[in-house]
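Chemist: Could you work out the structure for the sequence below:
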Amino acid sequence: MRKVIDCRDYPSESRCTLTISGEEEEVVRAASEHAVSVHGHAAGPELREQIRSALKNEMPQHA
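Modeler: A predicted model of the protein is given here:
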């Protein structure tokens, strides 16, 4: 199942609205890079685990 994380769930001064979805490892990697480059978090295993624990299942889109 695809996973999703949405910056709007974590209010910040930048009011970021980015949503990232995909396979779990892709989302963890992309969200970690985003958290470091945009939000100033420190890179590392702790950040990746925090992100992993915050992932939600993506709701299937029906056409």
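Chemist: residues in contact with the helix or strand that Ser32 is a member of?
Modeler: Using DSSP states H and E, Ser32 sits in helix 24-37. Helix 24-37 is contacted from outside by 3-5, 7, 18, 20-22, 41-43, 47-48, 51-52, 55, using C-beta atoms under 8 Å, 6 or more residues apart in numbering. For the C-beta atoms, the positions are set from N, CA and C on the backbone; glycine is no exception.
Chemist: residues of that helix that come out buried?
Modeler: Within helix 24-37, the residues scored as buried using 16 or more other C-beta atoms under 10 Å are Val27, Val28, Ala30, Ala31, Ser32, His34, Ala35.
Chemist: okay, stretch 43-55 in PDB with CA atoms only?
Modeler: Output in PDB follows, covering the C-alpha atoms of stretch 43-55 (Å, rounded to 0.1, in the frame of the first residue of the first chain):
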ATOM      1  CA  ALA A  43      19.400  14.500   9.100                       C
ATOM      2  CA  GLY A  44      19.800  11.100  10.600                       C
ATOM      3  CA  PRO A  45      18.100   7.800  11.600                       C
ATOM      4  CA  GLU A  46      16.000   9.500  14.300                       C
ATOM      5  CA  LEU A  47      14.400  11.900  11.800                       C
ATOM      6  CA  ARG A  48      13.700   9.000   9.400                       C
ATOM      7  CA  GLU A  49      12.100   7.000  12.200                       C
ATOM      8  CA  GLN A  50       9.900  10.000  13.200                       C
ATOM      9  CA  ILE A  51       8.800  10.300   9.600                       C
ATOM     10  CA  ARG A  52       8.200   6.600   9.200                       C
ATOM     11  CA  SER A  53       6.000   6.600  12.300                       C
ATOM     12  CA  ALA A  54       4.000   9.500  11.000                       C
ATOM     13  CA  LEU A  55       3.100   7.900   7.600                       C
END
